[in-house]
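S.K.: Let's see this in three dimensions:
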Amino acid sequence: MTAQQQSALIPRRRSAPEQPPAPSRLRARAAAFTVWYLRLIALVNIVAVVSVPFRREVDEHNTGRIYASHTAHRFHAHHAGDYFTPYLATAGLVSAALAIFLSLVMRRRKRAAWTVNMVLAGPLFVLYAVALTQSPFRGHVFNWGSALLTGLFVAALLIGRREFEAVGDPSNPKLALAVGAGGMLVSGAIGTLLVGATNKLHGATLFDKVAYTLLRGISVGPLADRVDAVQAPRWVDVIVNIMVAATFCLVLYVFFRSPRGRDLLGAEDEERLRALLDRHGERDSLGYFVLRRDKAVIWSPTGKAAVAYRVVGGVTLASGDPIGDPEAWPGAIDAWLAEARRHAWTPAVMGASEEAGTIYARHGLDALELGDEAIVDVADFTLEGRAMRVVRQAHNRVRRAGYTVSMRRHADIPDDEMATLVERADQWRDGATERGFSMALGRLGDPGDGNCVMLECRDGEGELRALLSFVPWGEHGLSLDLMRRDRDGENGLMEFMVVELLLRAKELDVQRVSLNFAMFRAVFERGARLGAGPVLRLWRSILTFFSRWWQIESLYRANAKYRPVWEPRFLLFEKTADLPRIGIASACAEGFLTPPRLPKFRRRQPAAGVRQQADSAAGAGAA
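M.R.: Numbering: from 1, shown residues only. Next up is the predicted model:
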């Protein structure tokens, strides 16, 4: 390879971001204090909403708005105007929602969240300090405590400033403004109509009803009682507050959501990845799946390794092992983790091998065994023996029924025949969603996948009944990508096709075949053994129950009949608390969960013979 070719392999973009400086203990504690303060305030607000005595005791009339003169404005009983509460402490669901959201995004070290808190809390603290110089306010110990708590929060923000470096999406503010305007219009209109229909007093104008609705949206306390012409039932106040709080939550979600990771796999990155697969593709049976075009890729500084990932729900999901030279894997992993920190994404790896999992663990990730990959060594496979009796009988039965299997590379299939195969595969798909992410290519018939292998099963009359497609695993291996069959075909077609491939693999110079992934295989295998403990038996029973809806146990048994070598695969994660979020993001990426989306206009169908990328990529990137 020439020096010019070697330099071309070094990526000119998406290299590792600069590593942030090591955080000091004081800055880290200050940042943690802001998070816990917001959590506590959210709890106080919720308790104040549901507790009438507490709500009457803590009056939030003038949070954030204190007048210089005590006589400038009259409040309700107990001289409530003489008191002010700590930052965000109001008896309302809106302030509770704001505190909860800010605590979440502050925990993820979002720069925008720090800015919002500083803009709100900084001037408020100055206002409190000025108010304490006046006699109506400085005589109450509660006010000094409120000012002290607000001041401590502002001080913690200033000390921990360098901890909050995660960037947001530039489009978030405009979209949040549009969502807020539309949401307030809808919730305000519904609330005004509800207040007007249940008002116990007469003579209220439209302005009175709108003002009451807006004030009730802020708080269910005495704040709206100043509208003398309106007296609505308590349940109306709560409903209005909940509607406004829901709108506010949606606005916060849009404003603080993480960037969606739009830089998906381009032609330049794909060319570099294919070059790495040519040299190192033998290492990982899932390596070819990095070529999914709904993934992004980030490179090591040397360009000798890369991590492929997709951002789903604020989780950056890497799939399989890093691609390339193992010596360069740490550089690619560092780059991926640095980008995750910069965007406040939660890092996770799906389907990593034990070798890659060990390296990921050195970078601070923990491991959880997901299951095992079934790999069959062609040289060791045979239909002889009692253990293979069921497979042998199924194979002979289908063969006697007149079924035959043809095998050829995708590049050897004419375009018109490939278009027919793609059409039939779509017809036989179970559901409208193309499933797969870490162990599926998500397309069929693409010109760039000419080295993939297609198995076609036809009945005695020559009618196509089933398809299997495999992607290359180095020079002498195959990994299962797609399985489709006609429901009216003979039972056992898939077993028949897999056996035919294993028996005739030498025709394609194939030495090993990776079949389906069996999730929690060890649980099913060990849980059925004599002497299995009660916890293991209970875990196996739970998985067996859920296997009625998801193919968990059936995939294990379907793979086990070929007597494969089991290779463990791992889920890598940073914090145990992130596992539920990672699980949801993984289910969305694999196509098992489909987030609701607005309807799209009908698009033109793709050209014949080319399978477009799965629609599941469109759901990526929520906060």
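S.K.: For residue 348, grab the count of nearby residues.
M.R.: 25 (other C-beta atoms under 10 Å). Any C-beta I mention is one placed from the backbone N, CA and C, and that applies to glycine too.
S.K.: Beyond the helix or strand bottoming out on mean pLDDT in the chain, next helix or strand please.
M.R.: Across the helices and strands of the chain, mean confidence by mean pLDDT, DSSP states H and E is lowest for helix 3-8: a mean of 42. Sequence order places helix 25-50 as the next helix or strand after helix 3-8, per DSSP states H and E.
S.K.: what packs against that following helix?
M.R.: In terms of contacts (3 or more C-beta pairs under 8 Å, 6 or more residues apart in numbering; DSSP states H and E), helix 25-50 is packed against helix 52-57, helix 93-107, helix 141-159.
S.K.: The helix or strand just after the last one - contacts with which helices or strands?
M.R.: Think helix 141-159. Downstream of helix 141-159, the first helix or strand assigned by DSSP H and E is helix 172-198. For helix 172-198, the packing partners by 3+ C-beta pairs under 8 Å, 6+ apart come out as helix 206-218, helix 234-256.
S.K.: pLDDT averaged over the longest one - what is it?
M.R.: Same thing as helix 234-256. For helix 234-256, mean pLDDT rounds to 79.
S.K.: ok, and for it, which residues are buried?
M.R.: By 16 or more other C-beta atoms under 10 Å, the buried positions in helix 234-256 come out as 236-237, 239-245, 247-256.
S.K.: Report the angle between it and helix 206-218.
M.R.: Orientation note: helix 234-256 sits at an angle of 70 degrees relative to helix 206-218 (axes from the mean of the first three to the mean of the last three C-alpha atoms, to 10 degrees).
S.K.: Counting by contacts, list what helix 234-256 packs against.
M.R.: Counting by 3+ C-beta pairs under 8 Å, 6+ apart, helix 234-256 packs on helix 93-107, helix 111-131, helix 172-198, helix 206-218.
S.K.: Show me how far the helix or strand just after that helix is from its chain's centre.
M.R.: On the C-terminal side of helix 234-256, the closest following helix or strand by DSSP H and E is helix 267-280. Helix 267-280 has its C-alpha centroid displaced from the chain centroid by 27 Å (C-alpha atoms, centre = their mean, to the nearest Å).
S.K.: So for helix 267-280, what gets flagged as buried?
M.R.: 269, 272, 273, 275, 276, 277, 280.
S.K.: what's the answer for stretch 353-371, then?
M.R.: 353, 356, 357, 359, 360, 365, 367, 369, 370, 371.
S.K.: Next: stretch 446-458.
M.R.: Buried residues in stretch 446-458, defined by neighbour count with 16+ other C-beta under 10 Å: 446, 449, 452, 453, 454, 455, 456, 457, 458.
S.K.: next one: phi and psi at the first one?
M.R.: In this case it means residue 446. phi -70, psi 140 (degrees, to the nearest 10).
S.K.: Also the fifth one?
M.R.: When read as degrees, to the nearest 10, the backbone of residue 454 gives phi -110, psi 130.
S.K.: Could you list which residues are in contact with it?
M.R.: For residue 454, the contact set (C-beta atoms under 8 Å, 6 or more residues apart in numbering) comprises 407, 408, 409, 410, 413, 421, 467, 468, 469.
S.K.: Those in helices, which ones?
M.R.: residue 421 (DSSP state H).
S.K.: In strands only, show me the contacts of residue 454.
M.R.: Under the assignment DSSP state E, the contacts of residue 454 contribute 407, 408, 409, 467, 468, 469 to strands.
S.K.: Tell me what the fourth one is bridged to.
M.R.: In this structure, residue 467 bridges to residue 456, residue 484 when assessed by DSSP bridges.
S.K.: what do you get for the first one?
M.R.: Per DSSP bridges, residues listed as beta-bridge partners of residue 407: residue 455.
S.K.: That one reaches residue 501, doesn't it?
M.R.: Yes: with contacts counted by C-beta atoms under 8 Å, residue 407 reaches residue 501, the gap being 6.7 Å.
S.K.: now the helices and strands packed on helix 172-198 in JSON lines, with distance to residue 166?
M.R.: Formatted as JSON lines, those follow (distance: least, C-beta to C-beta, whole Å):
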{"stretch": "helix 206-218", "distance to residue 166": "29"}
{"stretch": "helix 234-256", "distance to residue 166": "10"}
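S.K.: Could you verify that residue 232 is part of a strand?
M.R.: No: Residue 232 sits outside any strand when classified using DSSP: H, G, I helix; E, B strand; the rest coil, being coil.
S.K.: my guess is it meets residue 200, correct?
M.R.: Yes: the criterion here is C-beta under 8 Å, and residue 232 meets it with residue 200 at 7.3 Å.
S.K.: higher neighbour count, the two?
M.R.: Using other C-beta under 10 Å, the more surrounded residue of residue 232 and residue 200 is residue 232, with 25 against 8.
S.K.: Return the residues in contact with the more buried one.
M.R.: 194, 195, 198, 199, 200, 212, 216.
S.K.: Buried ones among those residues?
M.R.: 194, 195, 199, 212, 216.
S.K.: and the gap between the fourth one and residue 96?
M.R.: By that I understand residue 212. Shown here: residue 212 relative to residue 96, a distance of 21 Å by C-beta to C-beta, to the nearest Å.
S.K.: and if you look at the first one?
M.R.: Distance, residue 194 to residue 96, using C-beta to C-beta: 21 Å.
S.K.: do residue 200 as well
M.R.: For residue 200 relative to residue 96 (C-beta to C-beta), the value is 28 Å.
S.K.: biggest separation within the buried ones among the contacts of residue 232, which pair?
M.R.: Comparing every pair within those by C-beta to C-beta identifies 199 and 216 as the most remote, at 12.2 Å.
S.K.: Which strands and helices lie in contact with the longest strand along the chain?
M.R.: For the chain, the strand that runs over the most residues, judged by DSSP E, is strand 366-377. Counting contacts by 3+ C-beta pairs under 8 Å, 6+ apart, strand 366-377 packs against strand 346-352, helix 354-362, strand 512-519, helix 521-527, strand 565-573.
S.K.: Tell me which of the ones you listed is the most buried.
M.R.: strand 346-352 (a mean of 25; mean count of other C-beta atoms under 10 Å).
S.K.: Pull the distance from that strand to the chain's centre.
M.R.: 11 Å.
S.K.: Kindly report the same for stretch 437-456.
M.R.: 25 Å.
S.K.: Endpoints of it, how far apart?
M.R.: 24 Å (C-alpha to C-alpha, to the nearest Å).
S.K.: average pLDDT for it?
M.R.: 88.
S.K.: repeat for stretch 302-311
M.R.: Stretch 302-311 comes out with an average pLDDT of 92.
S.K.: And the nearest residue to residue 243 once chain neighbours are set aside, how far from residue 572?
M.R.: Leaving aside its sequence neighbours, residue 243 sits nearest to residue 187 (C-beta to C-beta, 6 or more residues apart in numbering; 4.1 Å). Residue 187 sits 42 Å away from residue 572, going by C-beta to C-beta.
S.K.: Residue 185 too?
M.R.: Taking C-beta to C-beta, one finds residue 185 at 45 Å from residue 572.
S.K.: hang on, residue 430 in a helix?
M.R.: No: secondary structure of residue 430 (three-state DSSP): coil, not part of a helix.
S.K.: let's have the chain start at 57 instead
M.R.: Sure, I'll start numbering at 57, so the last one becomes residue 486.
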